[in-house]
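**Q** Would you be able to build a 3D model of this:
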Amino acid sequence: MITTSEAFKKFKSRLELREAEQKDASRLQKEIREHIGNNFSIKNDFLTGSYGRHTKTRPLKDVDIFFVLDKEKEKKYLTDPLLVLSDFKKCLAKKYGESKVSIGRRSVGIDIALGTTEEDKVLSIDAVPAFEVSNYYQISDNVLCDWIKTDPQIHAEKATEANKAFDGEWKPMVKMIKKWNETQGKPIKPSFLIEVMAMQILYPPFSGGYVYELKSFFATAFDRIGETWNDPAGLGSPVSDQMDASKITTARQKLSEVGKFIDQAVLLEKQGNQLSLIHISEPTRPY
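**A** Model prediction:
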């Protein structure tokens, strides 16, 4: 009979990126970095986002690349933050096609067809133009029409620290919570907010039991989802700025539901109900 712990371990393994996904992402992000480097004066570039922090779940659908522009050679963009997004789009559209490239809030996205299945046929790579300013970076915000402060390297460092303190289980648990969020229509936005919340809610050391750690996370998240969750780097706008009253209500409803599901799974295990536990190990289930 499969136990609750075994079911969560199986679920955890199914969220790990496959070798083929890693190879595709590696090849394409290198290709894009080379193309951007040939058309702009780039001081430095590196991977960011959940892929760079190793908190990305499969199937791999997006990869973020941070491009630090040379301040002297590309200074025309310093007074026009939206122009750099427009020029990045034009540059990438020449290589990948106008229909494949679009401007997002703080990046330019490129959708690249891969494979043949519905699950893995498109990989989106986001190119984020930036400038280095003192001890932080500034990136263009297409909504605010201005430069905003950030430091993705601090985000990565804090995620690594949290994972180490939690006996290497913090990132796997974040992946589980992110997958739950995906299956529920992403009631918590952006997904980075889950990481920020997990830094405060998942207290080290790891207890050794996924089910009870997750039960605690969801219960606390239910109580605190309406709070303001600030940028871990202490620079940009609150990470929770997308969570308006309506979204908070929806998120609380979903958090309540998953909490009850976990309680039921624990109870059914005690009663010897194996079928319910098998459902936990399926990534498409609420758990």
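**Q** longest strand anywhere in this structure?
**A** strand 122-133 (DSSP state E).
**Q** Compute the distance from the centre of it to the centre of its chain.
**A** 14 Å (CA atoms, centre = their mean, to the nearest Å).
**Q** what's the very next helix or strand once past that strand packed up against?
**A** With elements assigned by DSSP states H and E, the helix or strand that comes after strand 122-133 is strand 136-141. If contacts are counted by 3 or more CB pairs under 8 Å, 6 or more residues apart in numbering; DSSP states H and E, strand 136-141 sits against helix 81-96, strand 122-133, strand 146-150. Using the backbone N, CA and C atoms, a C-beta is placed for each residue, glycine as well.
**Q** Listing partners with orientation, what would you give for the second one?
**A** Strands adjacent to strand 122-133 in the sheet, as given by DSSP bridges, are strand 62-69 (parallel), strand 108-113 (antiparallel), strand 136-141 (antiparallel).
**Q** just the helices in the stretch 101-250 of the chain please.
**A** 152-165, 170-183, 192-201, 210-224, 245-270 (DSSP state H, counting those that start in this stretch).
**Q** mind putting these in JSON lines, mean neighbour count included?
**A** Putting the helices of the stretch 101-250 of the chain into JSON lines (neighbours: other CB atoms under 10 Å) gives the following:
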{"stretch": "helix 152-165", "mean neighbour count": "17"}
{"stretch": "helix 170-183", "mean neighbour count": "22"}
{"stretch": "helix 192-201", "mean neighbour count": "20"}
{"stretch": "helix 210-224", "mean neighbour count": "18"}
{"stretch": "helix 245-270", "mean neighbour count": "16"}
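**Q** so can I have a markdown table of those showing distance to Phe88 and mean pLDDT?
**A** Converted to a markdown table, the helices of the stretch 101-250 of the chain look like this (distance: least, CB to CB, whole Å; pLDDT from 0 to 100):
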| stretch | distance to Phe88 | mean pLDDT |
| --- | --- | --- |
| helix 152-165 | 17 | 94 |
| helix 170-183 | 27 | 93 |
| helix 192-201 | 21 | 96 |
| helix 210-224 | 35 | 93 |
| helix 245-270 | 30 | 89 |
